[in-house]
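> I'd like to go over a predicted model; first the sequence, then the structure.
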Amino acid sequence: KRMQRVANWMQQKWPSVVSNIWFGVFMGSAWVVGDFFKLPIDIRHITFASGNLAYGLYGVDFIISLENIIWCILGIGIIGFGNFIVSFLLSLWIALRSREVPLSELKHLAGCVWRAFRAQPRAFFLPVKEKSE
């Protein structure tokens, strides 16, 4: 029964599983490709930056100044913010293209979002509880 449940799950979810695996492979091997072609490329992703910080801290036996820790955390935050913005903008672009929304509508869309943010800024960061009757 367990194997059948796993098989059913894999049958339904295999595209997302495989795409995530390949995403990790491509991101993890980008530096090798850059090194081979003598290109100065590097991956700026929050996962790699956090892992490298942890690996580096372990390598120096956690003996590091508070100033360096603060700079590292700030850098990871900036990388994470950049990752979020890029992902958001790409998702928005794909969604707008799929609905054939012209670029001239972006100004109106931004205005609507801004008005909604001003009316309920908390709803942009915390889940909104549905009012029950």
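Cool, the structure landed.

> number of nearby residues for I76?
Using other CB atoms under 10 Å, I76 has 17 neighbouring residues. In this view, the C-beta of every residue, glycine as well, is placed from N, C-alpha and C.

> which pLDDT value goes with the nearest residue in space to it that is not next to it in sequence?
Excluding the flanking residues, the one nearest I76 by CB to CB, 6 or more residues apart in numbering is A49, at 4.8 Å. Predicted confidence (pLDDT) for A49: 89.

> can you tell me which residues contact A49?
Contact partners of A49, counting by CB atoms under 8 Å, 6 or more residues apart in numbering, are 75-76, 79.

> could you pull out the buried residues of the top helix by length along the chain?
What stands out as the longest helix in the chain, according to DSSP state H, is helix 2-36. In terms of neighbour count (16 or more other CB atoms under 10 Å), helix 2-36 has its buried residues at A30.

> check which helices and strands that helix sits against.
Under the contact definition 3 or more CB pairs under 8 Å, 6 or more residues apart in numbering; DSSP states H and E, helix 2-36 sits against no other helix or strand.

> whichever helix or strand comes after that helix to helix 2-36, inter-axis angle?
The element immediately downstream of helix 2-36 (helix or strand, assigned by DSSP states H and E) is helix 46-59. With axes from the mean of the first three to the mean of the last three CA atoms, to 10 degrees as the basis, helix 46-59 and helix 2-36 are set at 80 degrees to each other.

> which parts of helix 46-59 are buried?
For helix 46-59, the neighbour count (16+ other CB under 10 Å) marks 46, 48-49, 53 as buried.

> out of those, which is nearest to S91?
I46 (16.9 Å; CB to CB).

> distance-wise, check L66 relative to V128.
L66 is 39 Å from V128, where distance means CB to CB, to the nearest Å.

> please disregard the earlier target; I meant Q4.
Going from Q4 to V128 by CB to CB gives 39 Å.

> pLDDT below threshold where in this structure?
The chain contains residues with pLDDT under 70 at 132-133.

> domains of it?
Using the TED database, the domains assigned to the chain come out as 1-36, 44-125.
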